[in-house]
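Q: predicted model and sequence below, questions to follow.
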Amino acid sequence: MNSNIWLLTFADAISIATTLILASLGAILTERSGVINLGVEGMLLMGAVTGFLVADSSGNLWLALFVAVLVGVVLSSVHAALTVGLRANQIVSGLAMVIFATGLSQFIGKPIEGDPLPVLIRPIDFGALSDLPLFGPVVFGHDLFTYLTWALVASASFYMHRTRPGLLLRATGDAPATVDAQGGSVARIRWVHTMVGGALMTFAGAWYMFARAAAWNQSATTNGIGWIALALVVFASWRPLRAIGGAVLFGFSLQVPFTLQAEQIRILPPTIVAMFPYLITLAVLVVLSTPRARRLLGAPKMLGQPFVRDER
Amino acid sequence: MIILGRRVRMEQRLSTPRLLLFLVPVFSVFLALVVGGVFLAATGHSPIGTYLDLIDNGYTTFYGITDTLGLATPLICTGLAAAFAFRMNLYSIGQEGQMYLGMIGGAWAGIAIADSLPQLVAVPFVLLAGAATGAAWIALPAFLRARLGTSEIVSTLLLNYVALNLLNYLIFGSTGFFRDPTTSFPQGRLVADSARLSPISFFTDKVTNTYPTFLIAVILAVVLFWLMRVSNYGYETAVYADSPNTARYAGMNSTWLQSSVLLISGALAGVGGAMYVVGPAGKVDPGLLQVGLGYAGIVVAALARYNFIAVIVAAVLFAGLRTGGNALQISNDPVPIAIAVVLQGAVLLFALGGELFRRNKIIITRVQVAT
Amino acid sequence: MANLAMVTSALMQHDEKGALALAARGVTKRFPGVVANDQVNFDLARGEVHTLLGENGAGKSTLASVLCGLYRPEAGHVVRDGKEIRLNSPRDGLAHGIAMVHQHFRLVDRFTVAENVVLGHKSLSFVLATAEIEAKVAAITEEFGLPLDPRAVVGELSAGERQRVEIVKALYQGAEILLLDEPTALLAPPEVEKLFITVRAMTHVGKSVVFVSHKLGEVVDISDRITVMRGGKVTGSVRRGEADVRRLAELMVGREINIVARRAKLPTSDVLLSVSQVHLERDGVELLSDINLDVRAGEIVGVAGVAGNGQRDLAEVVAGLQTPQQGNVTVCGTPTARSGARGARRAGLAYVPEDRLGTGLAPSLSIVDNMVLTRERGFLVDRKSALVESEQFIKQLEIKTPGPLTPTRKLSGGNSQKVLLARELFAVSGARVLVVCSPTRGLDVGAVEAVHTLLDEARDAGKAILMISEDLDEVMTLADRVMVLYRGHITLEQSGNDADLDRVGRAMAGIA
């Protein structure tokens, strides 16, 4: 067996993990405030297609990424308006968003379907460093945004666990009544983090488009990564740093079918192998559901519950 | 909340005026059409023209209507499945996967019986097999929820993707039981003739896409509606959905209620899949299924506010959108079918917002400035 | 007003320790349907432990809430260090050094002690200086005898420890005046001791503490002064040393009894409900201890007590909703302790819970639908006969409702209670034992009368009724035998006619 190709697969997994990390980080921030946004898959698609369209017409990668982020803010604001402002059912709203955004992305993506990418995100050229054995491709083979993502995760972790607003964020998801009693604004915290979460989700989609996709094709582009990102949040116990490990694992399981095919290894049919990421996620979910795990690592207590203040 | 010097307050209504109950869904559809219209116009299509085309093709032409009813058939099933579960605050979103499994289970039954059973027995047998497989597919999430409190949202969802891959495997990835032995082209093996029904021709000599399964679906919805109204099971689920504390007080077994509701939900979605086997497909056919009917079922259920009779209406409405949307693709001014999906999502989003008005009164008063 | 200013400034010229730290002047607070505080005057000296004593509903929690800024009074004002202040929120209270520790803690389980203490603190830096904070918390816990590890996760702490976190929170925020609402409610006796040590430590450095409590027995030693409230008014105030326990109990529960006692008219017969040696525990906390009681056909046994002493647990164990670790419950000769709610019902028991709309009834369902809730149902639900019954009851009991199909949440308190009683007393066939909790809570005078009549008639019809109520008047009116429930124990048993109100009151407050 060619060990080199597995190393490359691993490096690939880290790369693909970027999308997962960004999307799940967005979900973590949102869910920590108590809001569950199931619309990730749709946001990824919208980010991807919007990025493509803007890059196509302007040729400017940065503008494309910026607009994609804006779209994420707008879409997640709709979700926030419905769930935080109007106290609608968060599950149904998120699902409606997935359907709406999926359809919309397909709709506006029709004209450019199959077209080659207008710009690409390429890995940074570290020269000789990337030829180092073992480390080379794994550490030095990535693009700017992947590195920035790692930095972002570290910052998010610091934000959540070591800063005052982070403390408030975590308190809002667990005990909004307490935050409210202290004079904090539960609604504002939820709005902000839902919108930031949305921005990250669409950015994740746009990055995916320019760094990994071959072209735009709605059904094949992201293929469930958004849902895996949601499961990843559970896997990571709502902590940003843990999301990295899980993302690489899932990224790996997403890449493996391709590697197996390239190496002509046919132990299992590709469709069966394609099931692995989902089955693994499911297994992780089960493990995390034991009462002990839930107590120590569990979801924000009031996740999914609209906050209503008792009248005095 | 204070806007422009006036305090806006929400107060729960004691009862909802009949008019509002009717207006909210209507307005949701209208507003969704407006939003869709914006996107249509932005991409160079005429909104009014597109919508008229849509309605025409979906609801007025002969083939339009029959296609719509045909598509509504599995949609009613997934809509019922979603409504059944969501009513109890059980957010199973696995209707898609359960439908696939229902198709697989139904096809297995249809192939296994060969020609040994008369149609009167074979068809129900296939449908029941579909129901059983659908229920089996949700059994794991149901168990996880009952025993470990695992969220059914993510677990049912993940199984959707596993089911999709399973479906593809059976047809494209293997040459087993479900494959048509007569050809090397990857397609499903046909079930026994006795397990199939012919399309309804509506007294013409045309071959339509509406099968008697549509009637079965409608009857299923009506029977379910009636059963839940009069049966003890329906009563207990209604009590539990209203107030779990009251259910506990009355000595009801909430674990049993939740698990059984999930299983029945899975079975309903499974029947939808099996209806493909009995009707248009006659075999396992991944191509026919991949139109997201599972997720559409959730939208239908939400719009129908989980009322089983209303599910029928909503399903036909949405199926018409899809059919009309399909036709739009090949019309003179081709519009991507995605517009139908956009409209679906938009309708639900507006309906969600409208829920607020149904549940609460808005009271606007002048604010007294504190001295 | 001028007099007041003179008086308060005079008081302030006293030695620092005795100076007036906080006062309420003529405070009136109303809620829909009730005047919780009626022209209340109260003052607190610097370094004093002053207890607000009273039963549930006496108005003491409300007064404390006004003093800390949680409620705004309709009339009167709060005085701090001699100056009148206006408090619009608990934050304002904190700004004046007034903090309240609530009965139900507001903590984030997932956070550490330190994180909970500083949550929402105004001058918190952007980047949390965790080490510094933990050190400061440790200093406070040491100074005031509140053993706590700043890094411990609050979710894993005991009730007593969680209370300490709340107290540290108040102290960290610079509170000079602490209002403790029913602080010993969730504590075991040894923890109560620790709490009192802490309180002494706090007053030693000049802080002032207000105890809000109904547990006369516990507070009598720690308090420098005790002010008793009843029905929204202050009934009396005594200093340490003057405290005559008997007198205090009288002030708390004693009243002119103008109630007309209703007793059983017929001799009682068989024991229909028997509870023996019942012991209930949850999460290591003892909820009921060695409960023994009997109820005969044709009698009402009343269980009195202040809220929070195990009433609901007692009712649920008897009704089969909770299974005791030890002991037996026998209904009409059938053991039901382990049979569940349905088993108890089948044996002949009916249960009317305190929470009408959230537990006894399904609020969105109609009267008809609720009528069949606690009976045996077949595969199909028989709504026809339930409809007939509902219409009968509506007429018979004069239930005000648009009709039998009205959702029960639209009924007033009194009417929904009538529906509940109609169901449990009459609609459930074969029910000979009735457990009823606080049947007239929140009802107007007319409804109270109607409910009491129903219970009286049920007694005459030979039912065995166990009435658990926080309303002592009610118990004294109806009960043939009176028991008192205190901290999960039955501490007194007397016949209704001979009941010594004094003794009952003291038993309710936890003194022998």
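A: Arrived safely.

Q: can we go C-alpha only for contacts and neighbour counts from here?
A: Noted.

Q: show me what contacts the residue nearest the centre of chain C?
A: For chain C, residue C:307 is the residue whose C-alpha lies nearest the centre (CA atoms, centre = their mean; 3.1 Å). Neighbouring residues of residue C:307 by CA atoms under 8 Å, 6 or more residues apart in numbering or on different chains: C:56, C:470.

Q: that one looks like it's in a strand, true?
A: No - read with DSSP: H, G, I helix; E, B strand; the rest coil, residue C:307 is coil and lies in no strand.

Q: excluding its backbone neighbours, what's nearest residue C:94?
A: Once flanking residues are discounted, residue C:94 sits nearest to residue C:175: 6.6 Å by CA to CA, 6 or more residues apart in numbering or on different chains.

Q: surely the one you found touches residue C:99?
A: Yes - between residue C:175 and residue C:99 there is a contact at 5.8 Å, judged by CA atoms under 8 Å.

Q: and these two? which has more neighbours close in?
A: Per other CA atoms under 10 Å in any protein chain shown, whichever of residue C:175 and residue C:99 has more neighbours is residue C:99, with 31 against 22.

Q: would you list every one of the strands in chain B?
A: Secondary structure of chain B by DSSP state E: the strands cover B:2-3, B:6-12, B:360-366.

Q: which of these has the lowest average pLDDT?
A: For the strands of chain B, mean pLDDT drops lowest on strand B:2-3, to a mean of 57.

Q: tell me the spacing between the most centrally placed residue in chain B and chain C.
A: Closest to where the C-alpha atoms of chain B average out (CA atoms, centre = their mean) is residue B:297, at 1.9 Å. Distance, residue B:297 to chain C, by CA to the nearest CA, to the nearest Å: 26 Å.

Q: now the nearest residue to residue A:18 once chain neighbours are set aside: which helix or strand?
A: Excluding its sequence neighbours, the residue lying closest to residue A:18 (CA to CA, 6+ apart) is residue A:146, at 5.8 Å. Element membership for residue A:146 (DSSP states H and E) is helix A:144-162.

Q: and the contacts of that helix?
A: Helix A:144-162 is contacted by residues A:15, A:18, A:21-22, A:25, A:123-124, A:165-167, A:169-170, A:207, A:239-241, C:127-128, C:130 when judged by CA under 8 Å, 6+ apart.

Q: tell me who's in contact with residue 166.
A: Answering for chain A, as no chain was given. Applying CA under 8 Å, 6+ apart, the residues near residue A:166 are A:159-160.

Q: wrong one, chain C
A: C:101, C:105-107, C:117.

Q: could you dump those to JSON lines with secondary structure?
A: Listed next are the contacts of residue C:166 as JSON lines, based on three-state DSSP:
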{"residue": "C:101", "secondary structure": "strand"}
{"residue": "C:105", "secondary structure": "coil"}
{"residue": "C:106", "secondary structure": "coil"}
{"residue": "C:107", "secondary structure": "coil"}
{"residue": "C:117", "secondary structure": "helix"}
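
Q: and those, which are buried?
A: Neighbour-count burial (16 or more other CA atoms under 10 Å in any protein chain shown) applied to these gives C:101, C:106-107, C:117.

Q: close to chain A: what parts of chain B are there?
A: B:43, B:91, B:144, B:148-150, B:154-155, B:157-159, B:161-162, B:165-166, B:168-169, B:173, B:295, B:299, B:302, B:336-346, B:348-349, B:352-353, B:355-356 (CA under 8 Å from any CA of the partner chain).

Q: one more time with 7 Å
A: Residues of chain B found near chain A (CA under 7 Å from any CA of the partner chain) are B:148-150, B:154-155, B:158, B:162, B:165-166, B:168-169, B:173, B:336, B:338-339, B:341-342, B:344-346, B:348-349, B:352-353, B:356.

Q: for the closest residue to chain A within chain C, give the beta-bridge partners.
A: In chain C, no residue comes nearer to chain A than residue C:127, which is 4.3 Å away by CA to the nearest CA. When bridges are called by DSSP bridges, residue C:127 pairs up with residue A:163.

Q: that one contacts residue A:167, doesn't it?
A: No - with contact defined as CA atoms under 7 Å, residue C:127 and residue A:167 do not form a contacting pair (10.1 Å).

Q: compare the two (neighbour count), which wins?
A: Set residue C:127 next to residue A:167 and count neighbours by other CA under 10 Å: residue A:167 wins out with 20 against 14.

Q: mind checking pLDDT for residue A:292?
A: 61.

Q: kindly report the residues of the stretch 101-250 of chain A close to chain B.
A: A:103-104, A:106-107, A:110, A:231.

Q: just name the closest of these to residue C:186, please.
A: residue A:231 (39.0 Å; CA to CA).

Q: pLDDT on the one helix or strand residue C:301 maps to, on average?
A: Assigned by DSSP H and E, residue C:301 falls within strand C:299-304. Confidence over strand C:299-304 (mean pLDDT, whole number) is 92.

Q: so how far is the helix or strand just after that strand from its chain's centroid?
A: Once the chain leaves strand C:299-304, the next helix or strand it forms, by DSSP H and E, is helix C:311-318. With CA atoms, centre = their mean, to the nearest Å as the basis, helix C:311-318 stands 15 Å off its chain's centre.

Q: cool, and stretch C:484-499?
A: Counting by CA atoms, centre = their mean, stretch C:484-499 is centred 18 Å from the centre of its parent chain.

Q: stretch C:469-486 too?
A: Remark: stretch C:469-486 is offset 15 Å from the chain centroid, using CA atoms, centre = their mean.

Q: how about stretch C:67-87?
A: On CA atoms, centre = their mean, the centre of stretch C:67-87 falls 25 Å from that of its chain.

Q: for chain C, what's its nearest residue on chain A.
A: residue A:163 (4.3 Å).

Q: for the stretch 401-512 of chain C, just list every one of the strands.
A: Secondary structure of the stretch 401-512 of chain C (DSSP state E, counting those that start in this stretch): strands located at C:433-437, C:464-469, C:481-486, C:489-495.

Q: any idea how many residues pack against residue 151?
A: Picked chain A for this. 12.

Q: looking at chain B here, not the other one
A: Residue B:151: 19 neighbours (other CA under 10 Å).

Q: how about it, what does it touch?
A: Residue B:151 is in contact with residue B:145, counting by CA atoms under 7 Å, 6 or more residues apart in numbering or on different chains.

Q: separation between it and residue B:200?
A: Residue B:151 is 42 Å from residue B:200, where distance means CA to CA, to the nearest Å.

Q: likewise for residue B:325?
A: 23 Å.

Q: and these two? Which one has more around it.
A: The neighbour count for residue B:325 versus residue B:200, taken as other CA under 10 Å, is higher for residue B:325 (27 against 19).

Q: next up, phi/psi of the residue nearest to that one when sequence neighbours are not counted, please.
A: Of all residues not flanking residue B:325 in the chain, residue B:337 sits nearest, at 4.8 Å (CA to CA, 6+ apart). Main-chain torsions, residue B:337, degrees, to the nearest 10: phi -60, psi -20.

Q: need the per-residue pLDDT for residue B:337.
A: 76.

Q: correct me, but residue C:228 touches residue C:249?
A: No - between residue C:228 and residue C:249 there is no contact under CA under 7 Å: 9.1 Å.

Q: what's the burial count for residue A:187?
A: 17.

Q: pull the contacting residues for it.
A: Residue A:187 sits next to residue A:84 when contact means CA under 7 Å, 6+ apart.

Q: which SSE is it in?
A: helix A:186-211.

Q: before we move on, what about residue C:183?
A: Following DSSP H and E, there is no helix or strand that holds residue C:183.
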